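>>> the sequence and its predicted three-dimensional model are supplied below.
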Amino acid sequence: MLLFIKKHWQEDEDGFEHPVVSNEEKAVIRGLLLLSLDDPHRKICTAISMAVASVAHHDWPDEWPDLLPFLMKLVNDQSNTNAVSGALRCLALLSADLDDKVVPRLIPVLFPCLHTIVSSPQIYDKPLRTKALSIVYSCTSMLGVMSGVYKSETSSLMLPLVQSWMVEFSSILKNPVQSEDPDDWSIRMEALKCLSQFVQNFPSLAESQFMEVLVPLWQTFVSSLGVYERSSIEGLEDAYEGRYDSDGSETSLESFVIQLFEFLLTIVGSKKFVKAFGNSVQDLVYYSIAFMQMTEQQVHAWSLDANQYVSDEDENTYSCRVSGSLLLEEIIISCGIEGVYAILNAAKKRLDESQQERSKGSAVWWRMREATLFALSSVSEHLLEVDFSGPSEVTLGNLLEQTLTEDMAADVHEFPFLYARMFSSVAKFSSLINNAVIDHFLYAAIQAIGMDVPAPVKVGACRALSQLLPDTNRGIPPPHILALFSSLTELLKQASDETMHLVLETLQAAVRAGHEAAVSIEPIISPIILNMWALHVSDPFISIDALDVLEAIKDAPGCVHPLVSRVLPYVGPILNKPQQQDDGLVAGSLDLLTMLLKNAPIDVVKAVYEVCFDPVVRIVLQSDDHGEMQNATQCLASLVSGGKQQLLTWSGDSGFTMRCLLDVASRLLDPDLDSSGALFVGNYILQLILHLSSQMAQHIRDLVAALVRRMQSCQIAGLRSSLLLIFARLVHMSAPHVEQFINLLITIPAEGYPNSLHYVMSEWTKQQGEIQGIYQIKVTTTALALLLSTRHAEFGTINVQGHLIKSSAGITTRSKSKVAPDQWTLMPLPAKILAILADALLEIQEQVLEDDDQDSDWEEVEAGDAEIEQDLLSSSGTTSYSRPSNGYLDALAKAFNEDEDDGYDDDLLSAADPLNEINLTNYLTNFFREFSQGDRPLFDHLCQSLTQAQKKAVQMVLSL
C-alpha cells in the first residue's frame, strides 16, 4: 500500500508513475484506511497507520479535514482498545509533521485524551500508554521550538497542563524498575523524554512541580541499577539487547538507562534544577560509577576483537559508560569544587568496596575497580586543573597511587581489562603519581608489548607508552628501547584498522624517546613502515600515522641519510611514470618527499633534487589531478626553501632551473586553472621571492599582473588570502621605496577596476579579517601600515567596503538574503586601513585584559590607566565595522604570545623571513606614534571615522 501511495498518489512527487489516483478513488481509499485502523493484529495496524500518515502527508488538512476529528473520536472510545491503538499510531506518525499552526489548536483537545489513556493502567496496557506519551513528547518538542518566538503564548498553553502531567510522570517512575520487562522500560523512557522537554522548554512551570518528580526519579535510578547489573553486567537476565518493538522502537535495557542518564544530564546542567540534588551529588556519582562497569557483552566482544575495544574507547561509542562519563563531566562543570570532591569521595568508596569484595574471593571484584578508574580518567582534564591543596579527606594522587599499588600484583591474564585501565590511568594522571609507580608501569608496559598477554593489555600498554615516552626527563635504557622496537614492529605485522593507528602512535613515541638507539634499528623499522605506508597510502589516517613515524626516524640522530637513501630509489620511478601508479601513490610520494625536506641538511635537499626535481615539475605542468598538483607545489616550495640559491647550480644550467620554476608559477597562476589545483601557489611564490629574490626581481611586474588575474578568478578564500600575503611581502621588499610598488600597481590593469591598486586594496581590506596564522597576520598588518605611511595621493581616490548596514527586517533567511543581499557602506581607503590597524590594537589589548597572567608590553598601561581600560571593555563590542573571524582573532591574540603554538604549520613560511621576528605590539605602537606626529591633521581627520572602541585603543598607545 505504501509503495502504491508513493508511486501513484501525487504527480509532482519523486518516483511518481502513471496512472495517478483520481480524487474519487482517493476519497474511497482514505475512508477504507480509517475504518481499518482497529485491526487487532498489531503489525497490520502499524502498516495501515503508516499508510494513513503517508496519505495525510499529501492530503491533510486541505483534502482530508475530517482526519483529526475521526482520530480523536477513536482515541476517546474506551470500549475499543484496538481503535485507540490504531488512532494513537496514526497520531504518533503525524505528530512528526505537525507545525506551529496546528499544535496550539490540537494540544488543548488532545492532551486531556492522552492523559486519560496514560493515567488508566487498568484499561490500557503499557505499549498503548507509551504511544500516548510519545505524542506528548512530539507536541511539547514543537512547543519548545515555538517558545523561542512565542514564549508567553506557549507558556499559557502549558500552564494548566503541567501539574497533571508531572503527577503522572511521578506515578510511572515511583515503582521499582522491573527485570526482563521491556514494556516497563519503554514507558519510563518515554516519560523521561517528556520530562526532559518540560524541564528544558518550560523550566519556570516545571520548577514548582519538580520535587514531586525527584523522589520517584531517584527510585527509578537506584532500582534500575540492580536490574542493569543482573541483566547487562552479569548477564544473568535478558537485557533485550538489539531488539525492537513492532513500531521499530528499541526496547533494550541499555537504551532506557542511557535515556535516564540523558535526563539526569539535563537536570545537572540546569542552574534551576541541579540544586534539587542538594547533598546527594556524591550518591549520584556513586551509583553512576556502578553503571559504568563493563557489560558481559563488552567483555566478550572486546576479548575477541581488539579493534572493537580500541574503536569503542576512542570514539566514545553510544553506551552507559559514555553516558556516565558525560554526567560526571557535567557535575564538575555545574558544581565546581564540590562536584570534584563528590567524585573523589564516591570513587574512594567504590574502590574500598571492590577491595573488600576481592578479599572475600569475589570473581568480579575487578569490574568496579576498572569502572572507577575509567570514571576518573574520563574527567581527567577537569581533575588535573583543580588545586587540591585545601583540606580534604581524599586527594586524587594518593587515591590513584594506593589503587595502582594494590593492583599491580594482579594476574595480567586473569584481569586483562583492569590492567589495560591501569596502564591508561597512569598515563593520564602521571603528573600526580610518584616516579616509582610510573616507572613500574612504564617498564611493565614495555614488557607487555612483547609478551603473550591478552590483546586488551597490549592496547592499554600502547596507550601508556604513547603518552609516557615523550617525557624527555624519563630516560629509558637502550636495551629496553631496542626490545620495545622489536616488539612493536612484530605487533605492527599483526595489527589492523584501529589497532594499527595505536601501534604506529606508540612506535613514533618510542623512536623519539630512543634518540641514539633509533639508528641501530632504522634498517629494520624503516622498510616495514615504508611498506605499510605504501599499502595504505590511500587511507589518510594510516598513511599520516606512518609518515609521522618516518619523520620521527628522520629526526633521530644519524637516521636521515639512510632513510633518504631508502626512499629515493622507490619514489623516483613513481614520480617519473605517474600515470601508471595506483590511486593516491603519486600524491602520497610527494607528501613523503616534503616531509623528508623539512629542516633537512643541504646534501639531503640536493639528493632529493637530483632524483625528483624534473618529475615533480612535470606533474605540476601536466597533471589534472588537484591533489597531485597541490602536493607537488608544496614539495617544490620545500626544495626552494631548503636549497635556496644553491638549488640553481645543481643542474649545471641555472637558467633552465629558473625557467622551470617560473613555468610552474605560470601554470598555477593561470586564471583558467581550477582554484583547488593552485591552492598552495602562494606558499610556493613566497619561497621564490624570499630565497631567489635577485632572480625574481626582473619578473615582478609579470608576477603582479598574474597574481591579480589569479585573484580575480579565485573561488577559494584560503587561496585568495595566500595571494594577498604575497602582495604584503612585496610591499615589505619594496621598503623604503613603497611608493614605487604602489606606482607599479597603478600601471597594471585589473578587469572591472581603474587599475590593480584599486582592486588589490579593495580585496585586501575586505579579506584582512579572514587571514590566519601568526606570520601571515604580522606580514599583512605591518604591510598595511607601510602603505598608509606613504600617504600616496592615489589612496584618496579609492573607496572600499566599510561597515555592514544593519537591516530592520528581522531574521535574515536564505531566501531573504538572495532577494536582498548584505549592504555595506563605502569609506576612503586610508580610513579603512587605520580602522583595521586600530582593530588589531583593540584585539591585542582585549586579550591582555582577559589574561592578566601573561607578561606583555601592555601591563604598564593596565596599571596606569584603569579608567580607559574600563571604557574599552564596555565598548569593545560596539564597533560597526565588519568584525574579524574567530580564527583571525585567536591567531592575532597569539601574535604577541610568541611562545604559544598557534596550530599553523608556519615553519616553511617563516623560518627564513626576518619579518617573523616582528613584535606586532611594538610595531603598531611605534606606527601610531610616528603617523600621528608626522601629519597630525591627516591623522585627526582619519580618526573621525573610527568607532569609540577603536579610538580608545589608539589613545592607549599614544598615551604611553
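Yes, it's here.
>>> so which residue is smack in the middle of the chain?
Nearest to the mean C-alpha position of the chain, by Cα atoms, centre = their mean, lies residue 315 at 12.5 Å.
>>> next, find the distance separating that one from residue 322.
For residue 315, the distance to residue 322 equals 9 Å [Cβ to Cβ, to the nearest Å]. (Each C-beta comes from the backbone N, C-alpha and C, glycine too.)
>>> quick one on the thing from earlier: any idea how far residue 169 is from the residue nearest to the centre of the chain?
33 Å.
>>> in what helix or strand does the closest residue to residue 37 other than its chain neighbours lie?
Leaving aside its chain neighbours, residue 37 sits nearest to residue 86 (3.1 Å; criterion: Cβ to Cβ, 6 or more residues apart in numbering). Assigned by DSSP states H and E, residue 86 belongs to helix 81-95.
>>> how far out from the middle of the chain is that helix?
Put simply, helix 81-95 sits 40 Å off its chain's centre (Cα atoms, centre = their mean, to the nearest Å).
>>> hmm, who's touching it?
36-40, 42, 45-46, 48-50, 52-53, 56, 60, 71-72, 74-75, 77-78, 110, 117, 123-124, 128, 131-132, 134-135, 138-139, 247 (Cβ atoms under 8 Å, 6 or more residues apart in numbering).
>>> A strand includes residue 149, no?
No - counting by DSSP: H, G, I helix; E, B strand; the rest coil, residue 149 falls outside a strand, being coil.
>>> pLDDT score assigned to it?
We have a pLDDT of 77 for residue 149.
>>> got it, and residue 513?
On pLDDT, residue 513 comes in at 88.
>>> what do you get for residue 33?
Looking at residue 33, its pLDDT is 78.
>>> number the chain from 541, please
Shifting the count to begin at 541 puts that one at residue 573.
>>> so what secondary structure elements neighbour the helix or strand hosting it?
Using DSSP H and E, residue 573 sits within helix 563-575. Packing contacts for helix 563-575, counted by 3 or more Cβ pairs under 8 Å, 6 or more residues apart in numbering; DSSP states H and E, involve helix 582-599, helix 607-615.
>>> quick one: which of these is nearest residue 1008?
Closest to residue 1008 of the helices and strands packed on helix 563-575 is helix 582-599 (Cβ to Cβ; 55.7 Å).
>>> what about the helix or strand containing residue 1051, distance to the chain center?
Element membership for residue 1051 (DSSP H and E) is helix 1038-1054. Centre-to-centre, helix 1038-1054 and its host chain are 24 Å apart (Cα atoms, centre = their mean).
>>> ok, stretch 1028-1044 next?
Stretch 1028-1044 has its C-alpha centroid displaced from the chain centroid by 26 Å (Cα atoms, centre = their mean).
>>> now do the helix holding residue 626 against helix 582-599, angle only.
Angle between the axes of helix 621-635 and helix 582-599 is 40 degrees (criterion: axes from the mean of the first three to the mean of the last three Cα atoms, to 10 degrees).
>>> tell me what angle helix 621-635 forms with helix 607-615.
Using the same axes, to 10 degrees: helix 621-635 against helix 607-615 is 150 degrees.
>>> following helix 621-635, which helix or strand shows up next?
Criterion used, DSSP H and E; the element after helix 621-635 is helix 642-658.
>>> what does that following helix contact?
601, 608, 612, 615-616, 624, 628, 631, 638, 663-664, 668-669, 672-673, 675-676, 679, 682-683, 686, 693-694, 697, 701, 704-705, 708, 712.
>>> now do stretch 880-895
Residues outside stretch 880-895 that contact it (Cβ under 8 Å, 6+ apart) are 821-826, 829-830, 868, 871-872, 875, 905-909, 911-912, 915-916, 919, 922-923, 926, 932-936, 939, 943, 946.
>>> what's the pLDDT at residue 876?
Note for residue 876: predicted pLDDT of 91.
>>> OK, contacts around it?
Neighbours of residue 876 in contact, by Cβ under 8 Å, 6+ apart: none.
>>> returning to that earlier point: show the buried residues in the contacts of stretch 880-895.
Among these, those classed as buried by neighbour count (16 or more other Cβ atoms under 10 Å) are 821-826, 829-830, 868, 871-872, 875, 905-909, 911-912, 915-916, 919, 922-923, 926, 936, 939, 943.
>>> send the alpha carbons of the helix holding residue 1051 over as PDB?
Output in PDB follows, covering the C-alpha atoms of helix 1038-1054 (Å, rounded to 0.1, in the frame of the first residue of the first chain):
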ATOM      1  CA  GLU A1038      42.100   0.700  14.700                       C
ATOM      2  CA  THR A1039      45.000  -1.100  16.500                       C
ATOM      3  CA  MET A1040      47.300  -0.100  13.700                       C
ATOM      4  CA  HIS A1041      46.800   3.600  14.500                       C
ATOM      5  CA  LEU A1042      47.600   2.900  18.100                       C
ATOM      6  CA  VAL A1043      50.700   0.900  17.400                       C
ATOM      7  CA  LEU A1044      52.100   3.500  15.000                       C
ATOM      8  CA  GLU A1045      51.400   6.200  17.500                       C
ATOM      9  CA  THR A1046      53.400   4.200  20.100                       C
ATOM     10  CA  LEU A1047      56.200   3.500  17.700                       C
ATOM     11  CA  GLN A1048      56.500   7.200  16.900                       C
ATOM     12  CA  ALA A1049      56.800   7.900  20.700                       C
ATOM     13  CA  ALA A1050      59.400   5.100  21.100                       C
ATOM     14  CA  VAL A1051      61.500   6.500  18.200                       C
ATOM     15  CA  ARG A1052      61.500  10.000  19.600                       C
ATOM     16  CA  ALA A1053      62.300   8.600  23.100                       C
ATOM     17  CA  GLY A1054      65.000   6.300  21.800                       C
END
